[in-house]
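A.B. asks: Next one to model:
(chains A and B)
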Amino acid sequence: MKTHLLLTATLSALFAACATGKVSRIEPTGDRAVTTVGGIDIKDWLTASEAMIQSLLNSGRVVTPPDSAAVMAISRIANNTTQQVDTDLLVKNIRIALNKSGKIVTTTTVGLGGTAEDPLAKELAAKRAAAGGPNRIPDPSYTLSGKILENRQQQGSEKTTSFIFQLSLTDVNGIAVWEDQKIISKYAKRTFLGL
Amino acid sequence: MKTLAPCLATLAAFVLAGCGSTGVNTVERAQPVGERHLVSDKRVITDRTLDRAVRIVGMSEGATPDGFIKVQVEVHNTGRWKKSFSYKVEWFDASGVIVDTPASTSITRQIEGGEALFLSAVAPNATAKDFRFKFMETP
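C.D. replies: Model (predicted):
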């Protein structure tokens, strides 16, 4: 009877250990992150934003005022995928990289439809202007807009999903001075019995 | 035994067909118009298999219209098989301190057997002066 209890306890402990598994922190940009075929993974966002940053910096199409950076406002980034995503996963990386490059800074007080990313900064600027102070909110020289699209193909046990990231940088004249797109395609094949 | 040999031969044929080698044929201008500014490099090879599939041929340097450094590495798959690999570029300032970038991610690429690829990168800002490419094998 004692042996039976001991065996049960040992097996329970073993199963509990197996169920917990091993959890570890990983490099978000590395190759150990989980890759899914159906969704946009963190590495996809990083890859897309990296490609866009490289393209924009390489283009040399951004004209900056002497001794300062050009001001950019964020326009609509449409999500036309089946996923519910926050487009800041793409845009914020680009904003940070452009800010660190010294070429472009982003305004947080000018937004689409009059909405500001930082309402307090907008309110304070309005107060300053009402008190007769200078209106410190600069007009943006550029706006960033874009779209994220999705394309799915399946044939038998094989599946391909492509996510298309499109961005445009438009100047004050309404001309898209820079445009690019990055396509990330992922392939999966269902194995025998789904194993 | 008589039936085993044909079975094994068929199985081997299937396996070889599944691992079918790929190759890339190329053609280009005999006297290129563009002149590459080649950079002398220092290599540390710890993975010989990866070095065969992603052999570093050379490295060239240029600049963007804004004066940011632009680098390009040419790699060549000396084998016959398609290979997946990833690479990451690290940037350093004039003091040798790493320049942190928000999206400095390892980029996954595939190279066919015999194919040559160019991998390029633009410095994140004007202070970035040196760089290092890291290559890794991916499953």
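
A.B. asks: Which parts of the chain are helices?
C.D. replies: The chain I'm using is chain A. Assigned by DSSP state H, chain A shows helices spanning A:2-20, A:42-59, A:88-101, A:119-130.

A.B. asks: The chain in question should be chain B.
C.D. replies: Along chain B, the stretches classed as helices by DSSP H are B:4-18, B:48-53.

A.B. asks: So which helix or strand of chain A has the lowest pLDDT on average?
C.D. replies: Least confident helix or strand of chain A, by mean pLDDT, DSSP states H and E, is helix A:2-20 with a mean of 63.

A.B. asks: rewinding a little: any idea which of the helices of chain B has the lowest pLDDT on average?
C.D. replies: Among the helices of chain B, helix B:4-18 has the lowest mean pLDDT, at a mean of 55.

A.B. asks: first to last residue in stretch B:104-113, what's the distance?
C.D. replies: Using C-alpha to C-alpha, to the nearest Å, the end-to-end distance of stretch B:104-113 comes to 28 Å.

A.B. asks: From the chain's centroid, how far away is that stretch?
C.D. replies: 7 Å (C-alpha atoms, centre = their mean, to the nearest Å).

A.B. asks: so for it, what's the average pLDDT?
C.D. replies: Regarding stretch B:104-113, the rounded mean pLDDT is 88.

A.B. asks: Name the residues of that stretch that come out as buried.
C.D. replies: Applying a neighbour-count criterion of 16 or more other C-beta atoms under 10 Å in any protein chain shown, one finds B:104-108, B:111-113 buried in stretch B:104-113. The C-beta positions use only the backbone N, C-alpha and C, and glycine is treated the same way.

A.B. asks: How about chain A: which residue is closest to chain B?
C.D. replies: Closest to chain B within chain A is residue A:60: 2.7 Å, counting by C-beta to the nearest C-beta.

A.B. asks: Pretty sure that residue sits against residue B:64.
C.D. replies: Yes - Residue A:60 lies in contact with residue B:64 (C-beta atoms under 8 Å); the separation is 5.4 Å.

A.B. asks: quick revisit: what's the local residue count around the nearest residue to the residue of chain A closest to chain B once chain neighbours are set aside?
C.D. replies: Leaving aside its sequence neighbours, residue A:60 sits nearest to residue B:65 (C-beta to C-beta, 6 or more residues apart in numbering or on different chains; 2.7 Å). For residue B:65, the count of nearby residues is 11 (other C-beta atoms under 10 Å in any protein chain shown).

A.B. asks: if I look at residue B:65, how far off is residue B:133?
C.D. replies: In this view, residue B:65 and residue B:133 are 23 Å apart by C-beta to C-beta, to the nearest Å.

A.B. asks: Endpoints of stretch B:40-58, how far apart?
C.D. replies: 8 Å.

A.B. asks: What residues sit buried inside it?
C.D. replies: Buried positions in stretch B:40-58, judged by neighbour count with 16+ other C-beta under 10 Å: B:50, B:53-56.

A.B. asks: Same check on stretch A:153-161?
C.D. replies: Buried-residue list, stretch A:153-161, by 16+ other C-beta under 10 Å: A:159, A:161.

A.B. asks: Tell me how far that stretch lies from the chain's centre.
C.D. replies: 26 Å.

A.B. asks: That one near chain B anywhere?
C.D. replies: No - contact of stretch A:153-161 with chain B (C-beta under 8 Å from any C-beta of the partner chain) is absent, the minimum separation being 14.3 Å.

A.B. asks: what's the average pLDDT for that stretch?
C.D. replies: The model assigns stretch A:153-161 a mean pLDDT of 94.

A.B. asks: which one of the buried residues of stretch B:104-113 is nearest chain A?
C.D. replies: Among the buried residues of stretch B:104-113, residue B:105 lies closest to chain A (C-beta to the nearest C-beta), at 3.8 Å.

A.B. asks: thought the closest one was touching residue B:88?
C.D. replies: Yes - contact criterion C-beta under 8 Å: residue B:105 and residue B:88 qualify, at 7.1 Å.

A.B. asks: Need the residues touching each of these two.
C.D. replies: residue A:29 (C-beta atoms under 8 Å, 6 or more residues apart in numbering or on different chains).

A.B. asks: Tell me the spacing between the residue nearest to residue A:60 and residue A:101.
C.D. replies: 13 Å.

A.B. asks: Next: residue B:96.
C.D. replies: 20 Å.

A.B. asks: what's the answer for residue A:140, then?
C.D. replies: Here the criterion is C-beta to C-beta. By it, residue A:140 lies 17 Å from residue A:101.

A.B. asks: Any part of stretch A:129-146 near chain B?
C.D. replies: No - using C-beta under 8 Å from any C-beta, we find that stretch A:129-146 stays clear of chain B, coming within 14.8 Å at best.
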